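> coords below, sequence missing:
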């Protein structure tokens, strides 16, 4: 029996009965509420929580977020420490295995991932079948799913050796798929991976190499890209991670599950927000127009994109790191007028009581779009850039799901609001359904 202090007592005023439920880590078991019934025919009490605003669907040891204090940690390590001292593949190892690698482990891990960057020629032909104007993210989602047919053994999701082989394949291949998606969209020939290069350098090589015999990446841009990958590697139970876990709970293979997560990421409310920031900055135009734009925001006529977060009620810790990294990038790429507008917009908003009261602080999307654009990426590639590192986080969540004995196939309940049993109406007696009827 739990300590009396770690319980919740509920009195059901419908019946007068009292129930005592155990509280663990600030939660009660939803199934414990099923004990609360009005009679033997009653199904029992459920919670109604649209969009999972206050529902924990799993126990996880991967990513910790304290939104009120602006804290983000991977496996206990603060994100700012990892961004300063680690490479992206080092952080991938941490997310997947729970500990930072030794020098030997990292060298082996980098070798294994790097030697999975090549795509099967049939996959290349598959990508060539897309229309010339296909969106890179659509190509990314579809091609990742198509890998399921290339590696049918991936269906053996309970075999740890096979599972790890697919994880290495996916982390190695997603930059190749992303780069080919971009090259296809601009009509350039595909560039094969170069195993002599680091993870971010190889991606840049596949994106931007033209006729030079060996692509030489700018080290500042390559390091900035690596930091951005670290910041986007995982973010707890967000929409796409939830999709990965939900689809993975059916024991679908990791390629199909990752594709579903990437599809969730493609939406403008998730992975496409930084592109919206660029549109907003273009609309503002100059620093002089910022006060008028803020007035429109307060009047409810538009939104301040890149500010506020579902979880963070403080300054997004990733935004601070991106802001620092952007300064290094702009030293290489030169002046960007959008940055001046963004900095002034942030300065004004952080001093305005309207935004302070609503806890609207800059999030990761506020500076990342400007930075991506300065580095040479087109806006339609922004979400794909998000998907490359997040693949590692999705796979860590998937692995944790499969090893959790409490997890079963995801199957939420519903609150029925439709008709009770109805009499069948013959065709000649039916009335037209009203327009917009659900």
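On my side now, so go ahead. Just so it is clear, the structure is predicted and the values come from calculations on it, not from any experiment. Residues are numbered from 1 along each chain as shown.
> Point to the residue nearest the middle of this structure.
residue 240 (5.2 Å; C-alpha atoms, centre = their mean).
> Check the gap between it and residue 108 for me.
Distance, residue 240 to residue 108, by C-beta to C-beta, to the nearest Å: 29 Å. To be clear about C-beta, it is placed using only N, CA and C from the backbone, and glycine gets the same treatment.
> So the residue nearest to the centre of the chain is in contact with residue 259, correct?
No: Residue 240 is beyond contact range of residue 259, at 10.9 Å (criterion: C-beta atoms under 8 Å).
> per-residue pLDDT, residue 335?
We have a pLDDT of 76 for residue 335.
> Please apply the same query to residue 282.
Turning to residue 282, the model gives it a pLDDT of 90.
> Likewise for residue 341?
Taking residue 341 on its own, its pLDDT is 89.
> my guess is it meets residue 283, correct?
No: contact criterion C-beta under 8 Å: residue 341 and residue 283 do not qualify, at 10.2 Å.
> If you count surrounding residues, which of these two has more?
residue 341 (22 against 12; other C-beta atoms under 10 Å).
> What helix or strand is the more buried one located in?
If you go by DSSP states H and E, residue 341 is part of helix 337-351.
> Please apply the same query to residue 11.
Using DSSP H and E, residue 11 maps to strand 7-12.
> That strand - what's its average pLDDT?
Strand 7-12 comes out with an average pLDDT of 95.
> how is this structure carved up into domains?
Split into domains by automatic domain parsing, the chain comes to 1-47, 63-407.
> Output these as CSV; include the columns distance to residue 432.
Listed next are the domains of the chain as CSV, based on distance: least, C-beta to C-beta, whole Å:
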stretch, distance to residue 432
domain 1-47, 36
domain 63-407, 34
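> hey, which of those domains is tucked in deepest?
Most buried of the domains of the chain, by mean neighbour count (mean count of other C-beta atoms under 10 Å): domain 63-407, with a mean of 19.
> Ends of that domain, what's the gap?
Domain 63-407 has its terminal residues 18 Å apart, counting by C-alpha to C-alpha, to the nearest Å.
> again with stretch 205-216
This stretch, stretch 205-216, spans 8 Å end to end (C-alpha to C-alpha).
> now do stretch 83-101
15 Å.
> Could you do stretch 24-44 as well?
When the termini of stretch 24-44 are compared using C-alpha to C-alpha, they are 21 Å apart.
> average model confidence for it?
Stretch 24-44 comes out at a mean pLDDT of 93.
> residues in contact with it?
Stretch 24-44 has contacts (C-beta atoms under 8 Å, 6 or more residues apart in numbering) with 2, 6, 8, 10, 12, 14-15, 17, 19, 21-22, 45-47, 55-56.
> of those residues, closest to residue 68?
Using C-beta to C-beta, residue 56 comes nearest to residue 68 of the contacts of stretch 24-44, at 16.9 Å.
> which residue packs closest to the closest one, ignoring adjacent ones?
residue 27 (5.6 Å; C-beta to C-beta, 6 or more residues apart in numbering).
> Residues contacting stretch 141-158, please?
Stretch 141-158 is contacted by residues 120, 122-123, 126-127, 130, 162-163, 166, 169-170, 173-174, 177, 180-181, 248, 251-256, 258-259, 262-263, 266, 402 when judged by C-beta under 8 Å, 6+ apart.
> Need the phi and psi values for the residue nearest to residue 56.
phi -130, psi 160 (degrees, to the nearest 10).
> repeat for residue 144
phi -60, psi -40.
> How far off centre is stretch 396-404?
16 Å (C-alpha atoms, centre = their mean, to the nearest Å).
> what's that stretch in contact with?
With C-beta under 8 Å, 6+ apart, stretch 396-404 has contacts from 58-62, 95-96, 157-158, 163, 167, 234, 241, 244-245, 248-249, 254, 257-258, 407.
> all helices for the stretch 201-350 of the chain, in order.
219-231, 239-248, 254-265, 273-284, 290-298, 317-333, 337-351 (DSSP state H, counting those that start in this stretch).
> helices and strands around the first one, which ones?
Where contact means 3 or more C-beta pairs under 8 Å, 6 or more residues apart in numbering; DSSP states H and E, helix 219-231 is packed against helix 79-85, helix 88-97, helix 199-208, helix 317-333, helix 364-375, helix 382-402.
> which of the ones you listed has the lowest average pLDDT?
helix 364-375 (a mean of 83).
> Report the angle between that helix and helix 273-284.
Orientation of helix 364-375 against helix 273-284 (axes from the mean of the first three to the mean of the last three C-alpha atoms, to 10 degrees) gives an angle of 80 degrees.
> Output the helices of the stretch 201-350 of the chain in CSV; the columns should cover distance to residue 428.
Shown next, in CSV, are these (distance: least, C-beta to C-beta, whole Å):
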stretch, distance to residue 428
helix 219-231, 64
helix 239-248, 44
helix 254-265, 44
helix 273-284, 52
helix 290-298, 55
helix 317-333, 63
helix 337-351, 63
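> Compare those helices and give me the one nearest residue 367.
Taking the helices of the stretch 201-350 of the chain one by one with C-beta to C-beta, helix 317-333 is closest: 4.5 Å.
> Quick one: list the elements packing against the closest one.
Identification of packing neighbours for helix 317-333 by 3+ C-beta pairs under 8 Å, 6+ apart yields strand 71-74, helix 79-85, helix 219-231, helix 364-375.
> neighbouring contacts of that helix?
Helix 317-333 is contacted from outside by 70-72, 78-80, 83, 218, 220-221, 223-224, 227-228, 231-232, 336, 339, 361-364, 366-368, 370-371, 374-375, using C-beta under 8 Å, 6+ apart.
> could you redo the last one with a cut-off of 7 Å?
70-72, 79-80, 83, 218, 220-221, 224, 227, 231, 336, 339, 362-364, 366-368, 370-371, 374-375 (C-beta atoms under 7 Å, 6 or more residues apart in numbering).
> before we move on, the earlier item: make a markdown table out of the helices and strands packed on helix 317-333 and add distance to residue 323.
Formatted as a markdown table, those follow (distance: least, C-beta to C-beta, whole Å):
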| stretch | distance to residue 323 |
| --- | --- |
| strand 71-74 | 15 |
| helix 79-85 | 12 |
| helix 219-231 | 11 |
| helix 364-375 | 5 |
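> For residue 278, which of these is the nearest?
Per C-beta to C-beta, nearest to residue 278 of these: helix 364-375, 4.6 Å.
> relative to helix 317-333, how tilted is the closest one?
Following the same axes, to 10 degrees, one obtains 20 degrees for the angle between helix 364-375 and helix 317-333.
> where in the protein is pLDDT low?
In the predicted model of the chain, residues 1-3, 309-313, 315, 436-438 satisfy pLDDT under 70.
> The lengthiest helix in it: how far from the chain's middle?
If you go by DSSP state H, the chain has its longest helix at helix 160-186. A distance of 17 Å separates the centroid of the chain from that of helix 160-186, by C-alpha atoms, centre = their mean.
> Which secondary structure elements does it sit against?
Using 3 or more C-beta pairs under 7 Å, 6 or more residues apart in numbering; DSSP states H and E as the contact test, the elements touching helix 160-186 are helix 103-114, helix 136-150, helix 199-208, helix 254-265, helix 382-402.
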